[in-house]
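S.K.: just the structure for this:
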Amino acid sequence: MAKTSGPILAPLLLRLALGLTFIWAGLGKIEATFAVKGEQAALLANLGVEKVRAAASSGKTVVPPTPDAAKQGVKDAAPLPIGPNAPQLTPAPQPTTPKPAPTAPEPVLTPTEPMGPPWPLPQEKAAPDAAPTESAPRASLAGTWTLAQVTAPPSNPGASQLSERVYSASEFPDELQVARVYSLAMLIHRAGHPPMDTNAPADAPKQLQALWPTRLSEGAWPVSLAWTVALCELIAGLFVVIGLLTRFSAIVLAGTMIGAIWLTEVGPAVQTGKVVLGFIPERDFFAIDVWKTLFWQLSLLTSALALALLGAGAISLDRKLFPPPPPAPVNPKALI
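M.R.: Presented below is the predicted three-dimensional model:
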């Protein structure tokens with residue numbers, strides 16, 4: 001009994017421990033929240049998080065008071081709201097300047113035959129289907145144009161594209177609760193945009209080595225990768241628990257843990273040069289608090305690799321859907 005129960009229960013216990021851990025981790029990234037404000041909120045807004053962008057454009061954020069209020073000695077002037085509901089400010093009247101002397105009018109081009117301009121002139125609606133009347137004969141439809149109007153390029157409003165808005169920390173003075181998955185997005189962004197080396201000389205600043213490709217740390221990449229990791233942990237963890245596509249799911253979980261170890265533990269140590277043997281973080285060897293995260297990640301990584309090698313075991317959907325081939329018959333030795 002002991003010989004048969006070991007191979008059957010060992011993969012099951014390993015699947016339950018590993019799968020439930022990653023289900024908990026994936027749900028924590030999606031359901032749990034944390035507070036952001038200032039620079040962190042501005043970073044998430046620039047990365048494309050719509051919830052943070054909506055908080056900036058809702059009119060709840062403030063900007064510093066205007067310089068005119070400071071000159072008048074208003075100490076407690078109310079900050080001006082921004083956003084679509086912000087009041088429109090009337091500009092101060094500008095001093096009038098004398099009008100320049102009239103110059104010679106531009107040369108006028110009058111066509112010899114009735115014809116329309118090659119494109120609609122500004123603030124003028126062309127009516128090609130309107131029939132000429134007595135008050136507006138056919139010759140007057142062509143009109144007379146100046147040289148500047150004829151030589152001006154055609155107006156194309158669609159060609160001008162508005163530049164994307166860049167959010168600043170001053171637009172987020174209050175705390176905002178966002179999903180914890182966005183903390184992973186900020187981690188990926190910082191990994192591709194490392195800070196300056198604080199140990200470098202002041203006259204020769206040096207930027208630290210990037211831990212992540214810069215191309216994958218800009219635009220929508222950090223948020224997309226963070227959500228991909230959270231969904232992989234949740235779905236692959238569920239598959240491991242029920243024993244479906246167990247080897248593939250275990251490899252996916254092992255890949256997520258390799259990325260986590262690099263971005264949070266080994267990578268920052270290599271980046272700052274505080275390592276032993278080239279990759280082990282240089283820390284107090286017997287300090288539990290500084291090692292517990294790394295050893296927990298290593299435990300999950302080795303468990304995922306062990307499950308990928310062992311398989312789901314007898315109590316799993318993989319065994320029902322993909323049964324192993326029957327053992328080969330034993331050939332008895334011929335008696336001589």
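
S.K.: any chance you could map the helices in the chain?
M.R.: 2-31, 39-46, 50-57, 67-71, 138-142, 147-151, 181-192, 221-242, 246-261, 267-272, 288-310, 317-321 (DSSP state H).

S.K.: just the CA coordinates of the last one, formatted as CSV?
M.R.: Spelled out, it's helix 317-321. What follows is helix 317-321, C-alpha atoms only, in CSV (Å, rounded to 0.1, in the frame of the first residue of the first chain):
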residue,chain,number,x,y,z
LEU,A,317,-7.7,15.1,-16.0
ASP,A,318,-4.6,14.5,-18.0
ARG,A,319,-4.6,10.8,-17.1
LYS,A,320,-8.3,10.5,-18.1
LEU,A,321,-8.0,12.4,-21.4
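
S.K.: ranking the helices of the chain by mean pLDDT, which is last?
M.R.: Across these, helix 138-142 has the smallest mean pLDDT, namely a mean of 41.

S.K.: tell me where the model's unsure across the stretch 51-200 of the chain.
M.R.: Residues of the stretch 51-200 of the chain meeting the criterion pLDDT under 70: 57-163.

S.K.: coming back round to it: I'd like the helices of the chain written out as JSON lines, with mean neighbour count and distance to Y167 added.
M.R.: For every residue, glycine as well, the C-beta is placed using N, CA and C. What follows is these, written out as JSON lines (neighbours: other CB atoms under 10 Å; distance: least, CB to CB, whole Å):
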{"stretch": "helix 2-31", "mean neighbour count": "15", "distance to Y167": "23"}
{"stretch": "helix 39-46", "mean neighbour count": "21", "distance to Y167": "4"}
{"stretch": "helix 50-57", "mean neighbour count": "16", "distance to Y167": "6"}
{"stretch": "helix 67-71", "mean neighbour count": "11", "distance to Y167": "23"}
{"stretch": "helix 138-142", "mean neighbour count": "13", "distance to Y167": "51"}
{"stretch": "helix 147-151", "mean neighbour count": "11", "distance to Y167": "41"}
{"stretch": "helix 181-192", "mean neighbour count": "21", "distance to Y167": "14"}
{"stretch": "helix 221-242", "mean neighbour count": "20", "distance to Y167": "14"}
{"stretch": "helix 246-261", "mean neighbour count": "20", "distance to Y167": "28"}
{"stretch": "helix 267-272", "mean neighbour count": "17", "distance to Y167": "27"}
{"stretch": "helix 288-310", "mean neighbour count": "15", "distance to Y167": "31"}
{"stretch": "helix 317-321", "mean neighbour count": "14", "distance to Y167": "47"}
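
S.K.: excluding its backbone neighbours, what's nearest E282?
M.R.: Of all residues not flanking E282 in the chain, K274 sits nearest, at 4.4 Å (CB to CB, 6 or more residues apart in numbering).

S.K.: gap between that neighbour and I235?
M.R.: When distance is defined by CB to CB, to the nearest Å, K274 is 36 Å away from I235.

S.K.: out of the helices of the chain, nearest to V330?
M.R.: For those, proximity to V330 was assessed by CB to CB; helix 2-31 is nearest, at 18.9 Å.

S.K.: quick check: P195 vs V49, distance?
M.R.: P195 is 22 Å from V49, by CB to CB.

S.K.: go on, A260?
M.R.: Counting by CB to CB, the gap from A260 to V49 is 21 Å.

S.K.: and for P194?
M.R.: P194 is 22 Å from V49, by CB to CB.

S.K.: over to A306?
M.R.: From A306 to V49 the distance is 37 Å (CB to CB).

S.K.: what of V36?
M.R.: 9 Å.

S.K.: shared neighbours of the two, anything?
M.R.: Common neighbours of V36 and V49 (criterion: CB atoms under 8 Å, 6 or more residues apart in numbering): V178, Y182.

S.K.: quick one: contacts for the closest residue to A41 other than its chain neighbours?
M.R.: Nearest residue to A41, sequence neighbours excluded (CB to CB, 6+ apart): F172, at 3.6 Å. Neighbouring residues of F172 by CB under 8 Å, 6+ apart: V36, K37, G38, A41, A42, A45, V52, A55, A56, T61.
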